[in-house]
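> got a predicted structure here, sequence first:
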Amino acid sequence: MIPSAESREMEQAVATYRKAFGGTEPTHLSKAPGRVNLIGEHTDYNGLPVFPMALQQEVNVHFRPRNDDQVRFSNGNPEFPPRSFTLSPEIPREETGDWGNYLKAPCQALVERLGPLEGLDALVTSTLPVASGLSSSSALVIAVARALLHTNRVEVPTLELADEMAAAERYTGTQGGGMDQAISLGASDGYASRIEFDPLRLFQTAVPPTWRFIVAHTMNRAEKSGAAQAAYNRRREECGEALGLMWESRTTDDPLPRTPTYSEIISSLPLEELLALAGDRLPPPLLQRFRHIVTETERVYEAQDAMGRGDLLTFGLLMDASHESLRSDYEVSSVELDRLVELARRGGAAGARLTGAGFGGCIVALCDSRHLDEVMAALEEGYYQDREVPGKLEEVLFVARPANGASVHPL
Ligand code: GLA
């Protein structure tokens, strides 16, 4: 029998593991998927909904429990050198942007929660493009967390773990929201999930069988460090400032509620009235940031409804509107992201938008299965043909299949 690509990759990973860890064998495999966010960008850290699905591409952690407090990680990608450390409630950080921080973040958080833990020897491999806005870093955090929990025979309820890992990941310096961890843990095969926060909940909608979500990578890395990290954190601050100003300018008979949260402000007034009020109270660019957040929230609910009734055209229009808002009001797009979006639409996509934080990374486009070949061809000819693709084209241009959340398997 010819071994499938997946089992060949597994054999290769086991061989790499043996080499890295003195001939020992891994006993388990912890898997965590990346995600593509279909709509609802930069809303999660404001406590507002998002609508992602997990990808078939994932982070794999082959591991073997140890019976001391040491943790040793090797990576199948030579770009990431080995990292080892001692488990403790205060693990010293690596430099910002170092992959070791995504190993340390879940380990420190779990020791804080559970007390002293036993460590592991692990090899990380990944089928997700790095720094592409498909959440390879949160997938790594989740896969490591599940491996460490398994090693210590502890179970933590899924949503609790997702919340905890979202907080844990801020150890790396990015003030992220909770979308990536929640979908990587809680996704279901064939479904997209609307995620609500405070408290965390997932509401699943089946992806219609003829819908195709295409992911196309600009091949510009959206690093979660350096300039992109600073710009991301700044957007988060601006959202807080906008909310603060909306609330501080309240009059005695003000239509806004007393509690200053986005979700309460949004549910207190019809969208048009809220935007008019914001127009009076907010200076640029806070007005633009605020407008993106509140209109994007409405689009999330409309998009989930559209998917539920199989209304591809409406879903596509909402994606287009989301991209426009991210481009002009939130200012997180780039020339290359705009180009890919344009090409996808011209090729016959019902809609397209940047996905993830922006500043590089990927777009997601939606089309009916009948138009798939044309959209893929438009992207390939218009974008990838004149650029150097590092590796295979299908690693940067592919159809996303809604996959299951994280799991641990004995080997
Ligand atoms: C990154 C963060 C998420 C979310 C998106 C933007 O992926 O990790 O929490 O804020 O950006 O929607």
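Yep, that arrived. Just so you know, these numbers come straight off a predicted model, no measurement behind them.

> around the ligand, which positions in the stretch 51-200 of the chain sit nearby?
Neighbours of the ligand within the stretch 51-200 of the chain, by C-beta under 6 Å from any ligand atom: 135, 176-177, 179-180. C-betas here are computed from N, CA, C, even on glycine.

> quick one: contacts of stretch 108-122?
20-21, 24, 26, 61-74, 86-91, 107, 144-145, 147-149, 151-152, 154, 156, 164-165, 167-168, 171 (C-beta atoms under 8 Å, 6 or more residues apart in numbering).

> just give me the neighbour total for Leu148.
Neighbour count for Leu148, taken as other C-beta atoms under 10 Å: 28.

> same question but for Leu282, I mixed them up
Neighbours around Leu282, by other C-beta under 10 Å: 20.

> need the contact list for it.
Here Leu282 is in contact with 242, 245-246, 290 (criterion: C-beta under 8 Å, 6+ apart).

> what's the answer for Glu298, then?
Counted by C-beta under 8 Å, 6+ apart, Glu298 has contacts Leu271.

> what about it, helix or strand, and which?
helix 286-308 (DSSP states H and E).

> also Met376?
helix 372-379.

> tell me what that helix is packed against?
Under the contact criterion of 3 or more C-beta pairs under 8 Å, 6 or more residues apart in numbering; DSSP states H and E, helix 372-379 touches strand 211-217, helix 335-346, strand 362-368, strand 397-400.

> returning to that earlier point: let me have the residues of the stretch 51-200 of the chain next to the ligand in TSV, extended by secondary structure.
Compiled in TSV, those are given as follows (DSSP: H, G, I helix; E, B strand; the rest coil):
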residue	secondary structure
Ser135	coil
Gly176	coil
Gly177	coil
Met179	helix
Asp180	helix
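
> first-to-last residue distance for stretch 131-142?
16 Å (C-alpha to C-alpha, to the nearest Å).

> roughly how far apart are Phe315 and the ligand?
Distance, Phe315 to the ligand, by C-beta to the nearest ligand atom, to the nearest Å: 18 Å.

> once you drop chain neighbours, what's closest to that residue?
Ala306 (4.3 Å; C-beta to C-beta, 6 or more residues apart in numbering).

> the one you found contacts Leu318, correct?
Yes. Using C-beta atoms under 8 Å, Ala306 is in contact with Leu318, at 6.7 Å.

> before we move on, the earlier item: pick the most deeply packed of the helices and strands packed on helix 372-379.
For those, the largest average neighbour count (mean count of other C-beta atoms under 10 Å) is found in strand 362-368, namely a mean of 27.

> check which helices and strands it sits against.
Packed next to strand 362-368, using 3+ C-beta pairs under 8 Å, 6+ apart, are strand 28-39, strand 211-217, helix 312-328, helix 335-346, strand 351-355, helix 372-379.

> residues touching the closest residue to the ligand within the stretch 1-150 of the chain, list them.
Scanning the stretch 1-150 of the chain for proximity to the ligand using C-beta to the nearest ligand atom identifies Glu41 as nearest, at 4.0 Å. Glu41 makes contacts with 50, 296, 322, 326, 330, 332, 353-358, as judged by C-beta under 8 Å, 6+ apart.

> out of the residues you listed, which is nearest to the ligand?
Ala357 (3.5 Å).

> isn't the closest one right up against Ala222?
Yes. Counting by C-beta under 8 Å, Ala357 touches Ala222, with 6.0 Å between them.

> what's the distance between Pro390 and the ligand?
In this structure, Pro390 and the ligand are 22 Å apart, going by C-beta to the nearest ligand atom.

> setting the sequence-adjacent residues aside, check what's closest to that residue.
Met219 (7.4 Å).

> mutual contacts of Ala357 and Ala222, please.
In contact with both Ala357 and Ala222: 133, 228, using C-beta under 8 Å, 6+ apart.

> just to revisit the earlier point, check what pLDDT the residue of the stretch 1-150 of the chain closest to the ligand gets.
Per-residue confidence (pLDDT) for Glu41: 98.

> repeat for Thr96
Looking at Thr96, the pLDDT reads 87.

> cool, and Thr174?
Confidence score, pLDDT, at Thr174: 86.

> again with Leu340
On pLDDT, Leu340 comes in at 98.

> need the nearest residue in space to it, chain neighbours excluded.
Ile363 (4.5 Å).

> can you spell out which residues form a bridge with the one you found?
Ala216, Leu354 (DSSP bridges).

> ok, it touching Glu342?
No. In this structure Ile363 lies outside contact range of Glu342 using C-beta under 8 Å: 9.7 Å.

> thank you, goodbye.
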